[in-house]
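Novice: what follows is a protein structure lacking sequence information:
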């Protein structure tokens, strides 16, 4: 009788122990299922927002590090955005649809919320495939550019009226050669009232390396190197900025899209700022210009 009792107890214990692992496995499977559901529920936009947040914060941290330790050089590839050191990215939102430049490059306008301000940046995402040990790995590079809107007027400067047409001038006014004229992506005139030369002439070369400047009719021309070029992956007709500078002059261009005026060309409102570096005198005007790109 005692043997039967002991045997019954052993069977009950054995059955109880054998059921616990099954319950534990079921619980783990349920937990795993919930995690998978959570991962698959992330949208493509959210995934890109996470990627952009990580890359932007990484850039800010690297910038802070290089400023603290100048000898510690890190190639960030970012020279078109101006952010505060030690800034913390709180939130990234995609505020416009992606613009596909090529199979491996696309851009998107993003609103970035920091602790103390909100900025709008253009994010350029480049993807490429790398083959290692017979396996193909996809890499992603993220580049940021500041989105600027032409500030036509402020409290310290007179209001500039929007031009209604492209300012006309003749080739006879220019000291440029035919080769230089043909090399221009766009060429325009800027009124410079209250100056000895009255008019400025500026050409943006297609090589993206230099610009050409002339102060007044039939005067000396200056080939001025580009200091901050516009993005190479921008969509033709979209907003761009550039800065040209030599030892004597600085020229800043901020171009925003306008209604096309000439077939097969892009028309821009160009916020043109010319500075004579020695005297700090500045000429600023808004012009309409037709460009090839």
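Specialist: Perfect, thanks for sending it. Keep in mind the model is a prediction, meaning the values are calculated, not measured.

Novice: next up, phi/psi of residue 177, please.
Specialist: Residue 177 adopts backbone torsions of phi -80, psi 170, taken as degrees, to the nearest 10.

Novice: residues contacting it?
Specialist: Going by Cβ atoms under 8 Å, 6 or more residues apart in numbering, residue 177 touches no other residue. Bear in mind the C-beta positions are built from the backbone N, C-alpha and C, glycine included.

Novice: helix, strand or coil for residue 167?
Specialist: Here residue 167 is coil, with the state taken from DSSP: H, G, I helix; E, B strand; the rest coil.

Novice: next one: it, what pLDDT does it get?
Specialist: Each residue has a pLDDT score; the one for residue 167 is 79.

Novice: wait, isn't it in contact with residue 200?
Specialist: No - taking contacts as Cβ atoms under 8 Å, residue 167 lies outside contact range of residue 200: 10.6 Å.

Novice: what residues are shared contacts of those two?
Specialist: The contact lists of residue 167 and residue 200 share 189, 190, 191, where a contact means Cβ under 8 Å, 6+ apart.

Novice: quick one, which of those are buried?
Specialist: With neighbours counted by 16 or more other Cβ atoms under 10 Å, the shared contacts of residue 167 and residue 200 contain buried members at 189, 190.

Novice: quick check, nearest of the shared contacts of residue 167 and residue 200 to residue 229?
Specialist: Among the shared contacts of residue 167 and residue 200, residue 190 lies closest to residue 229 (Cβ to Cβ), at 20.6 Å.

Novice: in the sheet, which residues pair with that closest one? Tell me.
Specialist: Residue 190 has these beta-bridge partners by DSSP bridges: residue 200.

Novice: now for it: which residues touch it?
Specialist: Residues near residue 190 by Cβ under 8 Å, 6+ apart: 167, 199, 200, 201, 202, 272, 274, 283, 285, 287.

Novice: more neighbours: which of residue 167 and residue 200?
Specialist: residue 200 (21 against 14; other Cβ atoms under 10 Å).

Novice: how distant is stretch 179-198 from the center of its chain?
Specialist: Its chain's C-alpha centre and that of stretch 179-198 lie 28 Å apart, by Cα atoms, centre = their mean, to the nearest Å.

Novice: report pLDDT for the closest residue to residue 275 other than its chain neighbours.
Specialist: Using Cβ to Cβ, 6 or more residues apart in numbering and skipping residues adjacent in sequence, the residue nearest residue 275 is residue 250, 4.5 Å away. With respect to pLDDT, residue 250 scores 94.

Novice: so residue 250, which of the three states?
Specialist: Residue 250 is classified as strand under three-state DSSP.

Novice: that one contacts residue 228, doesn't it?
Specialist: No - between residue 250 and residue 228 no contact is recorded; they are 10.5 Å apart, counting by Cβ under 8 Å.

Novice: residues shared between the contacts of the two?
Specialist: With Cβ under 8 Å, 6+ apart, residue 250 and residue 228 have common neighbours residue 243.

Novice: so those two - more neighbours on which side?
Specialist: residue 250 (16 against 12).

Novice: what segments of the stretch 151-293 of the chain are helices?
Specialist: Ranges of helices within the stretch 151-293 of the chain are 178-182, based on DSSP state H, counting those that start in this stretch.

Novice: again with the stretch 1-150 of the chain
Specialist: 2-40, 44-68.

Novice: filter the contacts of residue 190 down to the buried ones.
Specialist: Applying 16+ other Cβ under 10 Å to the contacts of residue 190, the neighbour count classes 199, 200, 201, 202, 272, 274, 283, 285, 287 as buried.

Novice: was I right about the last one contacting residue 167?
Specialist: Yes - using Cβ under 8 Å, residue 287 is in contact with residue 167, at 6.2 Å.

Novice: what about the strands in the stretch 101-250 of the chain?
Specialist: Assigned by DSSP state E, counting those that start in this stretch, the strands in the stretch 101-250 of the chain fall at 105-114, 118-132, 135-146, 184-192, 198-205, 210-215, 221-228, 240-245, 249-257.

Novice: can you tell me the closest non-neighbouring residue to residue 225?
Specialist: residue 210 (5.5 Å).

Novice: is it true that that neighbour touches residue 222?
Specialist: No - here residue 210 lies out of contact with residue 222, judged by Cβ under 8 Å, at a distance of 9.9 Å.

Novice: which of the strands of the stretch 101-250 of the chain sits closest to residue 99?
Specialist: That would be, of the strands of the stretch 101-250 of the chain and by Cβ to Cβ, strand 105-114, which comes in at 4.9 Å.
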